[in-house]
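Trainee: Here you go, sequence then predicted model.
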Amino acid sequence: MPTAAEAKAKPRWERRKDARPQELLSAALDLFVERGYAATRLDEVAACAGVSKGTLYLYFDNKEELFKAVVRENMVPPLADAEDMIARFDGHSSQLLRLCIHGWWDKIGATRLSGISKLMMAESGNFPDVARFYHEEVVSRGEALIRRIVERGIAMDEFRPVDATVATRVIIAPVLMLMMWRHSLHACHLDPIEPNAFLDCLVDLLTRGFEPAGARSC
């Protein structure tokens, strides 16, 4: 990894070459979110990034590989951060659940990245290979980390015994709905939802629902 001084010392054309993959990924993310997977064309991605289509092919073989790179670059790192936080956290499991839900919203839901979730909901049936990739890289990993929190709470007697797999999907569903809302009716300024109030209410309901009999979690 070059230092800032070394980067400045490079010829301008070389610095530009180093930046091209990131420029292509940023342009691709914008177009995937705006137009969807099927309607996004590689020549348009290249044009938005300020390079030729031939240059794009130096880095990505096809649209599927470009989409995978967008997901791996932008959506996988927050999952790794959450996994690390869960491993190090030593407080109450309800607090951990709150941190993960709000953290996902801050890093994904409230950003243009939430449009990728909408894209997958709308188009996965037409692109099964892309859907399988997204499920393995994002969905399964996201479910696994939420399930870890639920199982942690049960093991520490902070949550009452529940089916952790079913509970995980119940937890994820409202967050997914909020992301879909952001890219549909909310975009039309219809019946707006205040995200933080929504998520606080969700966490409160979950926390009270998980409480062991006769206990009050924080």
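Mentor: Ah, there it is. Note that the structure is predicted; figures quoted are calculated from it, not measured. Numbering: from 1, shown residues only.

Trainee: Can you give me the domain assignment for this protein?
Mentor: 10-67, 75-210 (automatic domain parsing).

Trainee: list the buried ones in stretch 167-181?
Mentor: Ala167, Thr168, Ile171, Ile172, Pro174, Val175, Leu176, Leu178, Met179, Met180, Trp181 (16 or more other CB atoms under 10 Å). For the C-beta atoms, the positions are set from N, CA and C on the backbone; glycine is no exception.

Trainee: Give the rounded mean pLDDT of the one helix or strand the first one maps to.
Mentor: Ala167 belongs to helix 164-182 when elements are defined using DSSP states H and E. Looking at helix 164-182 alone, the average pLDDT works out to 94.

Trainee: mean pLDDT lowest for which of the domains of the chain?
Mentor: domain 10-67 (a mean of 86).

Trainee: re earlier: who touches the helix or strand following the helix holding Ala167?
Mentor: As assigned by DSSP H and E, the chain's next helix or strand after helix 164-182 is helix 195-210. Under the contact criterion CB atoms under 8 Å, 6 or more residues apart in numbering, helix 195-210 has outside partners 93-94, 97-98, 101-102, 105, 109-110, 150, 153, 158-160, 162, 171, 174-175, 178, 182, 217.

Trainee: Mind giving me the ChimeraX select for these, buried ones only?
Mentor: One line in ChimeraX is enough to select the buried members of these, burial here meaning 16+ other CB under 10 Å:
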select :93,94,97,98,101,102,105,109,110,150,153,158,159,162,171,174,175,178,182
